[in-house]
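S.K.: Coordinates only, no sequence provided:
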């Protein structure tokens, strides 16, 4: 997929299509009604999943675009040619903070702590929080804005949208207001994916294709392994009715 002769626009579109397909398959395999029922039902799912989602929306959602703003400031033209990207990143940062607040507010209604300053995955297996942090560095700790995009907006952020949609579908019958808010969150992700593609196409080149594909695949595999572990060991994640 990353042949040197292939144009970057074509490469990026294929990369995003590939990870959109894989993300949907991943969500439908490991993050569906069967998993939520294993957690203990709708309320247990909210108590277990919403604090973690709030953390991920805030830290995973905030730090990569902040990093991209800095990189574009140093490598691009933020006040002229790249203003569309800077504005888009500003909107994404706003969206991600809003998403984190929505998840944390709902979690707290169900007596689940979701304070972004202090939450450290207390109801998850030992070491889980450290794995979240490591994945966060993997998404943002790059020296080029298009490399960040490859591991974030162009790939794994698509997966978050499918996961949120599955959550909404599961909760809709009992908690329609929550489900509607989740659908709004998922709808925002399309703009973020488009922005990542724009960054990757503008700053990437054929010399970057292999590295971008590698970054995207590494992030995918990390998320896949985490979702598979949770699916196979729900008792280690579920808060149940405590």
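M.R.: Noted; the coordinates are in hand. Please read all numbers here as calculations on a predicted model, not as lab measurements.
S.K.: use CA for all of it now, contacts and neighbours both
M.R.: Noted.
S.K.: quick one: the helix or strand of the chain with the lowest mean pLDDT to chain centroid distance?
M.R.: In the chain, no helix or strand scores lower on mean pLDDT, DSSP states H and E than helix 128-140, which sits at a mean of 85. Per C-alpha atoms, centre = their mean, to the nearest Å, the displacement of helix 128-140 from the mean C-alpha position of its chain is 12 Å.
S.K.: Next SSE downstream of it?
M.R.: Per DSSP states H and E, helix 128-140 leads on to helix 145-150 as the next helix or strand towards the C-terminus.
S.K.: for the protein, what are the low-confidence residue spans?
M.R.: Along the chain, segments meeting pLDDT under 70 span 1-5, 238-242.
S.K.: try 90
M.R.: Across the chain, the ranges flagged by pLDDT under 90 are 1-6, 121-140, 155-160, 189-190, 219-242.
S.K.: need the contact list for residue 235.
M.R.: Residue 235 sits next to 38, 39 when contact means C-alpha atoms under 8 Å, 6 or more residues apart in numbering.
S.K.: let's see it at 7 Å
M.R.: Neighbour list for residue 235: residue 39 [criterion: C-alpha atoms under 7 Å, 6 or more residues apart in numbering].
S.K.: coming back round to it: mind listing what's buried in the least confident helix or strand of the chain?
M.R.: 128, 129, 132, 135, 136, 138, 139, 140 (16 or more other C-alpha atoms under 10 Å).
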